[in-house]
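*Asks:* A predicted structure for the sequence below; I have some questions about it.
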Amino acid sequence: MRYANPVDAELVNGDFYHHLAGPFYLSPDKTAGDYATIRFARERCIFRRHCLSGRVLDVGCSTGGFLHSLNRLFPGDYDVLGMDVAGPALDYAKQQGLSVIRQPFLDASLAPSTFDAVTFWAVLEHLPDPLAFLAHAASLIKPGGHCFVLVPNLDSLAVRFLGSRYRYIMDEHLNYFSRPTLLQLTRQISEFAVVAIESTHFNPLVLWQDWRSPQERVPDADRAKLLRKTTGWKESPALLPARWAYSAVELLLGKVNLADNLTIVLRRR
C-alpha cells in the first residue's frame, strides 16, 4: 500500500470535505449524476449478490445517492442510514428523505452487531487509518452480515498509462491500494472473511482527457460535468450498441485486474 506522508490536518478532521461540499458535492452536475438511475449500478449489483434486505449503513454517503437508489429500486427491502462529515452534502441527503448522521465514524455511538451491511464506496482511500475503520465496521455488523469496499485500483490501466497525471492521484487520497495490499489490509481484521474481490469500472473519457490535459489537477467542476455527461450517455437508448462494446472492454480489463477500481466483499464471521 502506498500512502501520503505528511497529511494535512483538514484531511484528517474532515474540514476539507465540509468546505468542498458546496462547490462540488452540491453542484447541479454532481447531484444530477449521483441521483441518476444508472449511477451506482455496479455497486448495487455487487451489493445485491450478498445483501437482499436488512439494515444498511453507508459511511461517507455524501449526498445519499446510493442509499436513495436502494429505497427507490427496492422499496421496503432496506432500512438505511447515511453517515459523513460534510454537513451541506448530508443536508441534501436529508432533504431527499434519508436518515443521516453528521459525525466521524469512529466517534459515532452506534450499537454493536446491528447492521446487516456497512458500505465504504470510495472512502478508504481518504482515511489516515483505514484499518481502524474496518475494525469498527466489523463491530457494528451482525454475524453473517457484510462489509463492502470500493477503492481506486493502483494497478489500473489508467494509472499505468498516466501515472501522476491521472485525476484520481490527488491530495485527498491518502492511500493507494493494489489487489494484494487491499487483501493484506482486510485480512488483518480477524472477524472478517473475504468473500469476493474484483476489478471494476472503466472510463475511457477520463483516460483521454487526462492524457491531453496539461493540468496537474482537474477542476472539480469539470469532474462533475463529466459525471453527468457520461451518466446521460449510459441512459441513452441510441447508444446501446456502443455501451455493449464498452461493457465488453470493461469486463476484459476487470478480468486482468486493469479496471479503474477494486471492490472487496467481507463477511462477518
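*Replies:* Happy to help now that I have it.
*Asks:* where in this structure is pLDDT low?
*Replies:* Under the criterion of pLDDT under 70, the regions of the chain flagged as low confidence span 1, 3-6, 13, 18-22, 214-216.
*Asks:* ok, 90 please
*Replies:* Applying pLDDT under 90 to the chain flags the ranges 1-30, 32-33, 37-38, 86-88, 164, 167, 170-171, 205-206, 208-210, 212-246.
*Asks:* quick one: furthest residue from the center of it?
*Replies:* residue 238 (28.6 Å; Cα atoms, centre = their mean).
*Asks:* which residues touch that residue?
*Replies:* Shown here is residue 238, which makes no contacts under the criterion Cβ atoms under 8 Å, 6 or more residues apart in numbering. Yep, even glycine has a C-beta here, placed from its N, CA and C like the rest.
*Asks:* Distance check, it against residue 84.
*Replies:* 36 Å (Cβ to Cβ, to the nearest Å).
*Asks:* Enumerate the helices of the chain by residue range, in sequence order.
*Replies:* Residue ranges of the helices in the chain, as given by DSSP state H, are 9-13, 15-20, 28-34, 41-50, 65-73, 87-95, 130-140, 157-162, 179-186, 204-212, 220-235, 240-255.
*Asks:* Out of those helices, which is closest to residue 56?
*Replies:* Ranking these by proximity to residue 56 (Cβ to Cβ) places helix 65-73 first, at 6.8 Å.
*Asks:* Check which helices and strands the closest one is in contact with.
*Replies:* If you count contacts as 3 or more Cβ pairs under 8 Å, 6 or more residues apart in numbering; DSSP states H and E, helix 65-73 packs onto helix 41-50, strand 54-59, strand 78-84.
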